[in-house]
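> below: sequence and its predicted model.
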Amino acid sequence: MPDLLAHYASSVLVARVRVDTRVALLVGLVGLIPDVDALLRIHRWITHSLVLVALFTTPLVILVYWRGRRYLGLTLATLLIYTLHLLLDVFTGPTPILYPLVDSIWVKIQVNGASTATGITVNPSITVETVKPDFTQMEIVEGPLVTETGAVLAVVTVVILLLEYFIKARNHH
């Protein structure tokens, strides 16, 4: 699974497109919400289902739309961030992204390459597997909090935010 830092960093980058950096740092926490199921010792539970998320959030989006569109962009950005978490998980293990309509889905993408004296070959492979979801409570749920991927994404995020800050500061002088 993507580590928590990778989920957070990617969420901050998405949020930053819509809101300023301070708000993006807060809104980025939405990208961690699907993994709250681990606290119940059931990982990749109904919190990872776009179908159920849509059922629960549609009334919220309608309410925000009717009450005035001031927060509609922020609301949609948070839904996108939540969805991003689920999409990232689909590529790392069985995820009930379309539950209860479809079993858990795992998309495996690999591109192997080789260089020889006779040329270069590239062998892409995409596999989609479905697995019956298991929502039983486990004795222990463990997973990475920080991996190399998360650390790299965090560094890239900090660099992007710092560059943006210095460019804005320079343009205001």
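Happy to help now that I have it.
> what about residue 76, how many residues nearby?
15 (other C-beta atoms under 10 Å). For the C-beta atoms, the positions are set from N, CA and C on the backbone; glycine is no exception.
> pretty sure it contacts residue 61?
Yes. With contact defined as C-beta atoms under 8 Å, residue 76 reaches residue 61; the gap is 7.3 Å.
> now whatever helix or strand residue 107 lives in, how far from the centre of its chain.
Using DSSP states H and E, residue 107 maps to strand 104-116. Put simply, strand 104-116 sits 20 Å off its chain's centre (C-alpha atoms, centre = their mean, to the nearest Å).
> give me the buried positions along it.
Residues of strand 104-116 classed as buried: 104, 105, 106 (neighbour count, 16 or more other C-beta atoms under 10 Å).
> I'd like to know which of the residues you listed is nearest to residue 42.
In terms of C-beta to C-beta, no member of the buried residues of strand 104-116 lies closer to residue 42 than residue 104, at 12.8 Å.
> tell me the phi and psi of the closest residue to the closest one other than its chain neighbours?
Nearest residue to residue 104 in three dimensions, chain neighbours excluded: residue 94, at 3.7 Å (C-beta to C-beta, 6 or more residues apart in numbering). Phi and psi for residue 94, reported as degrees, to the nearest 10, are phi -60, psi 130.
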